[in-house]
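Student: this one's structure only:
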């Protein structure tokens, strides 16, 4: 699944266009490399997201096959760390 679509489906960004713009600005990294919005994400990938005043590090546990309810979104990733950006 595309990175920008995944971030939107898992409620990590408010819209897909915000996810795409964050990727274009270099605020999203996958496995310690700056990622494009079109990068394919697989289970086990590590994503670092610098948005909304925080740096989030997460591990993707599984890829959803369709839409995800907001209450169920946490089942697809594990939050490794969340720290404020200075």
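Tutor: Happy to help now that I have it. This structure is a prediction, so every number in the text was calculated from the model and none was measured.
Student: how far does the host helix or strand of residue 29 sit from the chain's center?
Tutor: Counting by DSSP states H and E, the element that carries residue 29 is strand 28-30. Counting by Cα atoms, centre = their mean, to the nearest Å, strand 28-30 is centred 8 Å from the centre of its parent chain.
Student: and what of stretch 26-34?
Tutor: The chain centroid and the centroid of stretch 26-34 are separated by 10 Å under Cα atoms, centre = their mean.
Student: quick revisit: adjacent strands (with direction) for the strand holding residue 29?
Tutor: Neighbouring strands of strand 28-30 in its sheet, by DSSP bridges, are strand 33-34 (antiparallel), strand 46-51 (antiparallel).
Student: most neighbours per residue, which of those strands?
Tutor: Highest mean neighbour count of those: strand 46-51, a mean of 18 (counted as mean count of other Cβ atoms under 10 Å). Any C-beta I mention is one placed from the backbone N, CA and C, and that applies to glycine too.
Student: just after it, pick out the following helix or strand.
Tutor: Next helix or strand after strand 46-51 toward the C-terminus (DSSP H and E): strand 54-60.
Student: any idea of the pLDDT on residue 86?
Tutor: Residue 86 carries a pLDDT score of 81 in this model.
Student: give me the distance between it and residue 44.
Tutor: Using Cβ to Cβ, to the nearest Å, residue 86 is found at 30 Å from residue 44.
Student: and these two? Which one has more around it.
Tutor: Shown here are residue 86 and residue 44; by other Cβ atoms under 10 Å, residue 44 has more neighbours (10 against 5).
Student: OK, contacts around the more buried one?
Tutor: Residue 44 makes contact with 59-60, according to Cβ atoms under 8 Å, 6 or more residues apart in numbering.
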